[in-house]
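In: Curious how this folds, go ahead:
(2 chains)
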Amino acid sequence: MNDTRTVEPVGLHVRRNSPTSRIAALGFLAAVLVLALVVPYAVSLGTLINLVGLFTLIILGTTWNLLAGYGGLISIGQQGFIGAGGYACVYLANETGMNPFAGLLLAALVCAALAYPTSFLLFRLVGGYFAIGTWVVAEVFRLVTSQLSPLGGGSGMTLTAYRGVDQPTRVGQVYWVALAMAVVVVLATWLLMRSRWGLGLTALRDDDVAAAGLGVAVRRSQRIVYVAASAGAGLAGALIAINGLGVTPGSIFSVSYTASMIFIVVIGGIGSIEGPIIGAVVFYVLQQQLQDQGVWYLIVLGVVAIVAVLAAPRGLWGLISRNGRVEFFPVGHRAETR
Amino acid sequence: MAWVNAVVQGLLLGGSYALLACGLSLMFGVMRLVNLAHGALAVAAAYVAMSVVDGTGVPAFLSLLVVVPLFAVAGYALQRGLFNRALGFGELSPLLVSFGLAVIVSNGLQQVYSSDSRSIGIGELATASIRLGGDLSIGVFSLITLAVGVVVIAGVQLFLARTRTGRAMRATRDDGEAARLMGIDDGHLYAVATAIALGTVALAGVFLGMSTQFTPGYGDLVLIFAFEAVIIGGLGSLWGTLLGGLVLGVAQTVGAQVDPAYGVLAGHLVFLAVLLLKPSGLLPKVVPA
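Out: Numbering: from 1, shown residues only, chains lettered A, B, ... in the order given. So this is what the prediction gives:
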């Protein structure tokens, strides 16, 4: 990157990258290449379907972190946009015959278009009341959807685009698209956080009053974050719908997605790019291992989340990075003497 | 006549919403804390009351003598052990902690009681009604719930307005720093507020359990309805919360009169309309001199 500058009078050397971040970038690239080129040929179809679930969790965690970790907006209603995205994708693919992956991108746009006007209503609520307000909106989306007969009413819709396509081809396509979307969402979030807006959001994360005093457009920044995060949730919802070959209002609008997002971000580390990725992997592994334990698994997650909030507010990533001294995805500048 | 009936039944339903919302309103009013476990705790109270009734065979109303003090003590401990700590970490932490608590409570209930729907038997009272002439009749139990809701809200309001502890709570809400300088122990005060709030939550939960079937997941709806009552009525005003509960109840029964599937949705839409047209609520708090 072209961001090595020297501030002459004090002989300080300002840079964004560090040796660690360069190694991490190579590691990230290598991981993505292995996931894209090696894994699909080395594991079973069932594992690939599960990995699509992991990539979806990374998207959900990253976008929820954007909301809560940077925007200071705790939403427990992103399942409204997950559902809207899932429905938009299936409806468009079924009715217009478009490729479901084109439907996936349009679903993200639909959710952004829904989120923008919604934000004007919800931003009248602050803090905890904003949180429950988002849930009410999600419930309205669910109830309206299940009343609309073109959307299949209470029984939902089946994705017809893959009729006659053999399973390995379909799962392979879904896998690659899901991986690509997860990479795009993480990189887009990173680029956003490196930009001028990101600097404002970081200030907002640390102290919203002080940020406003320094000229950060708090409301506008939060609105951008809300719309972007909702588009991301719509994208994830479309992936869930394609992976599951359909949608039902009861499951795609489920508040349990919000529970997953909160656990991922709180356990991984709120307010960092790396945290939600780590959180998603940990959550995914726990889910695979403890699924048979039924409700105990959720009780344990609840306890872990409370302990994390009170004892390790920056999550696993905070412990690994020694509270931000190590950055895999550098968003700030660091000054060093030569 | 059907419409008049819908409105009357809505007002009665609203009484139980107001009772459910009182604790949420009180906790927010005193310490700006939104307890996302509110609904799950109300349902937990219903389950505990059910166990007491099933285990001892006492009449359902007597179970309140156990459940309400139990939840009040639990509320004190919860605030001291968990929420006070979380409040020190800023605005987001209490929300996340209470969300974790909600997940623990609702799944714990599912583990202990399974996800079958249950109810608390109250015998003949469940079907007793008073005829007001024509087709209009009102259930005795709903009337009792409404009366309890009004009494509880009036009681908490009087407590805040008249007692020494209530005054200290208002002082802490208005200026925590200054209140501390005057020697007020805010950690203890918050815990007392949560104890009262959970006492009312327990009362509301047991009444809910006596009037309808419930499952461990029912707390989600309870939280949403209680929240809507608080916002429709106006933040920080307990009388507003009562009015909000009544408006929500009427919206739901009138909506259900149009089409049974629209009941809950109509309540949500009234909530959104209030947010759009009068975001401070119908009866916003008037700062007393």
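In: Look through chain A and state the residue closest to chain B.
Out: Of all residues in chain A, the one sitting closest to chain B is A:G128 (2.3 Å; CB to the nearest CB). Every residue, glycine included, has its C-beta placed from N, CA and C.
In: so that residue, which of the three states?
Out: Recorded secondary structure, A:G128: helix (DSSP: H, G, I helix; E, B strand; the rest coil).
In: Could you pull up the residues touching the closest residue to it other than its chain neighbours?
Out: The shortest distance from A:G128 to any non-neighbouring residue, by CB to CB, 6 or more residues apart in numbering or on different chains, is to B:V34 (2.3 Å). B:V34 makes contact with A:G127, A:G128, A:Y129, A:A131, A:I132, B:L24, B:M27, B:F28, B:P94, B:L95, B:S98 under the criterion CB atoms under 8 Å, 6 or more residues apart in numbering or on different chains.
In: Measure how buried the residue lying closest to the first one once chain neighbours are set aside is and give me the count.
Out: The shortest distance from A:G127 to any non-neighbouring residue, by CB to CB, 6+ apart, is to B:E91 (5.5 Å). For B:E91, the tally of surrounding residues (other CB atoms under 10 Å in any protein chain shown) stands at 17.
In: Cross-check the contact I'm expecting between B:E91 and A:F130.
Out: No - in this structure, B:E91 is not within contact of A:F130 by CB atoms under 8 Å, at 10.5 Å.
In: shaky segments in the chain?
Out: By default, I'm working from chain A. For chain A, residues meeting the criterion pLDDT under 70 lie at A:1-10, A:323-325, A:337-338.
In: Let me rephrase: I mean chain B.
Out: Of all residues in chain B, those with pLDDT under 70 make up the ranges B:285-289.
In: all strands of it, in order?
Out: Secondary structure of chain B by DSSP state E: the strands cover B:129-131, B:137-139.
In: Out of the ones you listed, which is the most enclosed?
Out: Ranked by average neighbour count under the criterion mean count of other CB atoms under 10 Å in any protein chain shown, the strands of chain B are headed by strand B:137-139 at a mean of 16.
In: quick one: that strand to chain centroid distance?
Out: With CA atoms, centre = their mean, to the nearest Å as the basis, the distance from the averaged C-alpha position of strand B:137-139 to the chain average is 23 Å.
In: what's the answer for stretch B:97-117, then?
Out: Here stretch B:97-117 shows a centroid-to-chain-centroid distance of 18 Å under the convention CA atoms, centre = their mean.
In: How about stretch B:192-199?
Out: Using CA atoms, centre = their mean, the distance from the centre of stretch B:192-199 to the centre of the chain it belongs to is 11 Å.
In: can you list the residues that contact it?
Out: Taking CB under 8 Å, 6+ apart as the rule, stretch B:192-199 contacts B:22-24, B:26-27, B:30-31, B:35, B:41, B:68-69, B:71-76, B:78-79, B:83, B:156, B:159, B:165, B:169.
In: Of these, which ones also sit close to chain A?
Out: Applying CB under 8 Å from any CB of the partner chain, the subset of these adjacent to chain A is empty.
In: tell me the secondary structure for A:H13?
Out: On the three-state scheme (three-state DSSP), A:H13 is labelled strand.
In: Minimum distance to chain A, which residue of the stretch 1-150 of chain B gives it?
Out: For the stretch 1-150 of chain B, the nearest residue to chain A under the criterion CB to the nearest CB is B:V34, separated by 2.3 Å.
In: Which element is encountered next along the chain beyond the helix or strand hosting A:L239?
Out: Counting by DSSP states H and E, the element that carries A:L239 is helix A:218-244. Using DSSP H and E, the next helix or strand after helix A:218-244 towards the C-terminus is strand A:246-247.
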